[in-house]
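Enquirer: here are the coordinates; sequence isn't available:
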């Protein structure tokens with residue numbers, strides 16, 4: 001069940017929080033991109049949004065800045081707590097995997113990644 005908010009047809013409240021109507025995309029995911037400085041055009045392309053939807057989302061965030069920021073911070077805290085839980089729960093397994101030697105295929109992939117990082121890193 002979702003509810004349109006304040007006449008904004010794009011931003012709706014669902015059991016998942018603020019979402020883009022008709023999608024599983026949360027406004028909080030988009031805030032990550034906006035705060036990272038990603039251009040609206042890229043966000044539109046990545047998530048198949050229209051310029052009107054992005055404008056509606058920006059308008060909603062601006063008009064409800066304190067409320068949206070508080071919810072966003074709560075989402076970040078929850079995600080961090082979940083990350084820590086799973087990291088601790090899997091710590092022994094991660095250590096076990098780290099001690100295993102790499103297969104030739106894994107080593108080849110790691111070498112390619114390092115080469116790409118070296119080429120794309122800024123001086």
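Expert: Received, thanks. These figures come from a predicted structure and were not determined experimentally.
Enquirer: where in this protein is pLDDT low?
Expert: 1-7, 122-123 (pLDDT under 70).
Enquirer: strands of that one, residue ranges please.
Expert: For the chain, the strands defined by DSSP state E cover 3-5, 8-14, 17-20.
Enquirer: among those strands, which is nearest residue 32?
Expert: Of all these, it is strand 17-20 that lies closest to residue 32, at 13.2 Å by Cβ to Cβ. Heads up, the C-betas are built off the backbone N, CA and C, glycines and all.
Enquirer: ok, now which ones touch residue 22?
Expert: Residues near residue 22 by Cβ atoms under 8 Å, 6 or more residues apart in numbering: none.
Enquirer: mind checking how far it is from residue 13?
Expert: 14 Å (Cβ to Cβ, to the nearest Å).
Enquirer: circling back: want to throw the strands of the chain into JSON lines with distance to residue 36?
Expert: As requested, the strands of the chain are arranged in JSON lines below (distance: least, Cβ to Cβ, whole Å):
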{"stretch": "strand 3-5", "distance to residue 36": "24"}
{"stretch": "strand 8-14", "distance to residue 36": "20"}
{"stretch": "strand 17-20", "distance to residue 36": "18"}
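Enquirer: buried deepest among those, which one?
Expert: Compared across the strands of the chain, strand 17-20 shows the largest average neighbour count, a mean of 20 (mean count of other Cβ atoms under 10 Å).
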